[in-house]
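J.: Kindly generate the corresponding structure for this input.
(one chain, ligands or ions: 1)
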Amino acid sequence: MKIAFIGLGNMGGGMAANLVKGGHEVRAFDLSEEALAHARENGCETFTDAAEAVRGVEAVVTMLPNGAIVKSVYEGSVIGKAPAGAVLLDCSTIDVATAKTVIAEAEAAGYAMVDAPVSGGIAAANGGTLTFMVGGSDEAFARASKVLEPMGKAVIHAGAAGAGQTAKICNNMLLAITMIGTAEAMKMAEKLGLDPQKFYEISSQSSGYNWSLNAYTPMPGVGVASPADNDYQGGFATALMLKDLRLAMEAAQAADAAVPLGSRAAALYEDFAGAGNGGLDFSAIIRTY
Ligand code: NAD
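T.: Got it, this is the predicted structure:
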């Protein structure tokens, strides 16, 4: 299949390379010359203009920083420029409202489009093991799945347009809450004189069981190997967690959903990132206890 890929950064670079490995012809565009050079090394054909990259393609994939950029790229360079009938996939993490607006604009112009944000970081993007949560019609989902398969280990239809973004931000809000709760409990156990490894052994097999404790233990030398054992380098950056929490708070407000713990988690990550820790893995929040 002939596929345009726009946004070849930390995530998009590896994803585009996996589409090439999957046998697709990839026409790539990014504002960064370095990203384009890297895409060429990975077998993509590169363009200096997004509208040129989408010419003649059957699918367009975008992996961009935020909703404003996604909207401007679709309105300026994709809708009306890609062939009518192409399937459009936005894999960026953006606000639910913009995702719905852009999909409605694309559908009005005769395209099938999905929001398809990802779970999994740079390693999963490079390894082709992302999980995609997809919002859109049944027909758009069926067509998008074929494009997503070489880039992921799971492709899940979340529901109608915007449902992928909703799943993503609700999941990450839950992750932030469980990480903070896990950090709090581990540090409290330690202060009360309990060996943190003993606490891990007990709680990870008891009702305190959760992903942050069991699969991503935030304390160095305790539980499973995780970014904590690498001085909180790599993993999922605090700045990206904060981005997702801000999107979650915006969506909660729009839906009038009560999120007392989500908003507390967002405030704690706001403070932690503001203190210069944005580049550290999000589990480093345990250092504030
Ligand atoms: P990044 O900043 O590394 O990459 C974004 C790329 O988009 C850059 O190469 C930039 O030059 C390009 N770009 C910006 N404006 C553009 C435009 N108008 N036209 C073409 N290209 C443009 O970011 P990333 O880490 O790859 O993240 C991309 C998206 O994936 C974000 O929405 C992020 O929230 C989401 N995400 C990231 C991770 C992660 O671990 N990095 C995990 C899950 C989801």
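J.: Wait, residue 153 touches residue 131, no?
T.: Yes: distance between residue 153 and residue 131: 6.5 Å, which falls inside the contact criterion (C-beta atoms under 8 Å). Every residue, glycine included, has its C-beta placed from N, CA and C.
J.: which of the two has more neighbours?
T.: The residue with more neighbours, out of residue 153 and residue 131 and counting by other C-beta atoms under 10 Å, is residue 131; that gives 18 against 13.
J.: Unless I misread the structure, the more buried one falls within a helix.
T.: No: residue state for residue 131 (DSSP: H, G, I helix; E, B strand; the rest coil) corresponds to strand; a helix is not indicated.
J.: Show me what from the stretch 1-150 of the chain comes close to the ligand.
T.: For the stretch 1-150 of the chain, the residues in contact with the ligand (C-beta under 6 Å from any ligand atom) are 6-12, 29-32, 35, 50, 63-65, 69, 73, 92-93, 118, 121-122.
J.: one step back: what sits in contact with each of residue 153 and residue 131?
T.: Taking C-beta atoms under 8 Å, 6 or more residues apart in numbering as the criterion, residue 153 and residue 131 both touch residue 124.
J.: What is the burial count for residue 174?
T.: 17.
J.: Then residue 156?
T.: Other residues lying near residue 156 total 16 when counted by other C-beta under 10 Å.
J.: pLDDT score assigned to the residue in the stretch 101-250 of the chain that the ligand sits nearest to?
T.: Nearest to the ligand in the stretch 101-250 of the chain, going by C-beta to the nearest ligand atom, is residue 121, at a distance of 3.5 Å. pLDDT, the model's per-residue confidence, is 86 for residue 121.
J.: Is it in contact with residue 241, as I believe?
T.: No: the pair residue 121 / residue 241 is not scored as a contact, 11.1 Å apart, by C-beta under 8 Å.
J.: ok so, going back, please identify the nearest residue in space to the residue of the stretch 101-250 of the chain closest to the ligand, excluding sequence neighbours.
T.: The spatial neighbour of residue 121 that comes closest, neighbours along the chain excluded (C-beta to C-beta, 6 or more residues apart in numbering), is residue 236 at 5.5 Å.
J.: number of nearby residues for residue 173?
T.: Here the number of neighbours of residue 173 (other C-beta under 10 Å) works out to 24.
J.: Could you measure from residue 84 over to the ligand?
T.: Taking C-beta to the nearest ligand atom, to the nearest Å as the measure, residue 84 falls 22 Å from the ligand.
J.: wait, isn't that residue in contact with residue 112?
T.: No: no contact is recorded between residue 84 and residue 112 when judged using C-beta under 8 Å, the distance being 10.6 Å.
J.: And these two? Which one has more around it.
T.: Here residue 84 and residue 112 are set side by side on neighbour count (other C-beta under 10 Å), and the busier one is residue 112, at 21 against 8.
J.: Hmm, the more buried one is touching residue 137, no?
T.: Yes: counting by C-beta under 8 Å, residue 112 sits close enough to residue 137 to count as a contact (7.1 Å).
J.: from the residues of the stretch 1-150 of the chain next to the ligand, which ones fall inside helices?
T.: 12, 35, 50, 69, 73, 122 (DSSP state H).
J.: so which pair among those residues is furthest apart in space?
T.: The most widely separated members of those, counting by C-beta to C-beta, are 50 and 122 (23.0 Å).
J.: who touches the residue nearest to residue 121 in this structure?
T.: For residue 236, counting by C-beta under 8 Å, 6+ apart, the contacting residues are 121, 281-282.
J.: Right, and the ligand sits closest to which residue of the chain?
T.: Checking the chain residue by residue against the ligand with C-beta to the nearest ligand atom singles out residue 9 as nearest, at 1.8 Å.
J.: what are the phi and psi angles of that residue?
T.: Geometry field for residue 9 lists phi and psi as phi -80, psi -150, criterion degrees, to the nearest 10.
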